[in-house]
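**Student:** Pasted the sequence and its predicted model underneath.
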Amino acid sequence: MALTDHPFQTACPDFPFQQPLHAPLRLAPEHRALAGLSAVRVRLPEGQADEFAWLAVSYAAVQKVYRDPAFSRAQADGVKPFLKLAPVLVALDGEEHLRIRRLVKSEFTPAKVRRLASMIEARARRLLDAMADRGRADLVADFAMPLTIETIAGQLGVPEQDQARFQEWGTGLLATGEGAHERNQAAMVAMCEYMAGLMAARRGTDDGDGDLLAMIGENAAATGVSDFEAALLAASLVGGGWESTASSIVTFTLRLLTERDEDGVPYYARLCARPQLIPAAIEELLRTTPNSIFGATQPRRALEDVDLDGVLVRAGEIAIPSHDAAALDPREFPDPDHLDFERGHNSHMAFGSGAHVCIGAPLARAELRIAFEGLTERFPGLRLEAEPSELVWKWDGTIRQPTALPVAW
């Protein structure tokens, strides 16, 4: 295919796209219409040096942006509308990124996460028991948020009495809009100071022996990683994992309760009848349910001219990978809009791909599986206590989610 600087498009749309409030769990129509193209030139928010970017939308283009070292994550950090995340792990490149990532990589393998399953299941049971006693619940505050924050905080060995502070800091880390940079930085500094203090207090003692934070401290000392970098990594694990997974529990539940399969059966009822479908259902929901409010993930800058699925991205230009659009590429996913819990091939990129693939993906998958096994077994009659149109959505962060999801059974 001959390279082109500008694919066939009649206008340069503004990014991010305006999200219609009546369809919060779908890509904006303008964004959805791009699926199947390769990369499209978009206009970025004003007030920065980069005026335009290439939005990668085909499966091949998104995969290349994620995997090709010709695209630098660090050199695009802070390009609006995305948050400036340096020196957090996901904003690093090359050997610096690998050096920090190695401190915890071995703790998030599928085998290690399987050993955590009983701990996660016990937390889920306790939360579901409390819900059952009340007869109704807010799935956000009563289940999804505490399950995910307690899981990562428990791994790190954070005392229970401090976990509410973690939720507050995590929300600050992901804030957007006016004053967001100051809130992001204040939350990161507070969380890092806390982590550094906890590591220092435990050094040379048996406190925390065997937990993730102790292991980070030991590995950092052995490999010459500074205390600040180690604390920053621990804070990144909290900020990068708990809210996105909690949001998925909530938004997946909303879809399962309000959408029906080709036989007219609610998807939730289908999983109650066939719980063996839950792992595949989670993969399909990950593919088709946008998690980011932008429908895309952190930008990259081209270090050299790159062929992006037939589009020429020149050195210095910005590329934004939209894995949510790639998930609708019919060349990779036949009948891509169909929610198919028996889809045989599902190589979605909800957790990214390449060097920056989400390190906590095995943990997130385990939490989602346990959450939906518990919900469908305990509450087969689960139903919404509000009309979907009445839900209030949170758009002042980076994760799309309702502020509450009232349910009963």
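**Tutor:** Done, it's in. These figures come from a predicted structure and were not determined experimentally.

**Student:** Buried ones in the lowest-mean-pLDDT helix or strand in the chain, by neighbour count?
**Tutor:** Every helix and strand in the chain was compared by mean pLDDT, DSSP states H and E; the lowest is helix 163-173, with a mean of 79. By neighbour count on 16 or more other Cβ atoms under 10 Å, the buried set for helix 163-173 is 163, 166-167, 169-173. C-beta here means a position set from N, CA and C on the backbone, and glycine is covered the same way.

**Student:** gap between L339 and T289?
**Tutor:** 9 Å (Cβ to Cβ, to the nearest Å).

**Student:** end to end, how far does stretch 135-148 reach?
**Tutor:** The first and final residues of stretch 135-148 sit 22 Å from each other (Cα to Cα, to the nearest Å).

**Student:** Pull the residues that contact it.
**Tutor:** Residues from elsewhere that reach stretch 135-148 (Cβ atoms under 8 Å, 6 or more residues apart in numbering): 120, 123-124, 127-128, 130-131, 167, 241-243, 245-247, 249-250, 253, 367, 371, 375, 385, 401-409.

**Student:** And stretch 115-134, by the same measure?
**Tutor:** For stretch 115-134, the external contacting residues (Cβ under 8 Å, 6+ apart) are 137, 142-143, 146-147, 150-151, 154-155, 363, 366-367, 370-371, 374-375, 378-379.

**Student:** now with 7 Å?
**Tutor:** Taking contacts as Cβ atoms under 7 Å, 6 or more residues apart in numbering, the residues outside stretch 115-134 that touch it are 137, 142-143, 146-147, 150-151, 154, 366-367, 370-371, 374, 378.

**Student:** give me the element the residue nearest to the spatial centre of the chain is part of.
**Tutor:** Closest to where the C-alpha atoms of the chain average out (Cα atoms, centre = their mean) is S244, at 4.4 Å. According to DSSP states H and E, S244 maps onto helix 227-258.

**Student:** residues of that helix that come out buried?
**Tutor:** 227, 229-257.

**Student:** what angle sits between it and helix 163-173?
**Tutor:** Relative orientation of helix 227-258 versus helix 163-173 (axes from the mean of the first three to the mean of the last three Cα atoms, to 10 degrees): 90 degrees.

**Student:** other SSEs contacting helix 227-258?
**Tutor:** In this structure, helix 227-258 makes packing contacts with helix 145-156, helix 163-173, helix 180-202, helix 212-223, helix 267-273, helix 361-378, strand 401-402, judged by 3 or more Cβ pairs under 7 Å, 6 or more residues apart in numbering; DSSP states H and E.

**Student:** Pick the most deeply packed of these.
**Tutor:** strand 401-402 (a mean of 24; mean count of other Cβ atoms under 10 Å).

**Student:** Check which helices and strands the helix or strand following that one sits against.
**Tutor:** Downstream of strand 401-402, the next assigned helix or strand under DSSP H and E is strand 406-408. When contacts are defined as 3+ Cβ pairs under 7 Å, 6+ apart, strand 406-408 sits against strand 136-138, strand 383-384.

**Student:** picking that back up, just put the helices and strands packed on helix 227-258 in JSON lines and tack on distance to S389.
**Tutor:** Converted to JSON lines, the helices and strands packed on helix 227-258 look like this (distance: least, Cβ to Cβ, whole Å):
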{"stretch": "helix 145-156", "distance to S389": "23"}
{"stretch": "helix 163-173", "distance to S389": "25"}
{"stretch": "helix 180-202", "distance to S389": "28"}
{"stretch": "helix 212-223", "distance to S389": "41"}
{"stretch": "helix 267-273", "distance to S389": "19"}
{"stretch": "helix 361-378", "distance to S389": "23"}
{"stretch": "strand 401-402", "distance to S389": "11"}
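
**Student:** To R301, which of the ones you listed lies closest?
**Tutor:** Nearest of these to R301, taken as Cβ to Cβ: helix 180-202 at 19.9 Å.

**Student:** Now do that closest one: everything it contacts.
**Tutor:** Under Cβ under 7 Å, 6+ apart, the answer for helix 180-202 is 83-84, 169, 172-173, 175, 208, 213-214, 217, 227-228, 230-232, 234-235, 238.
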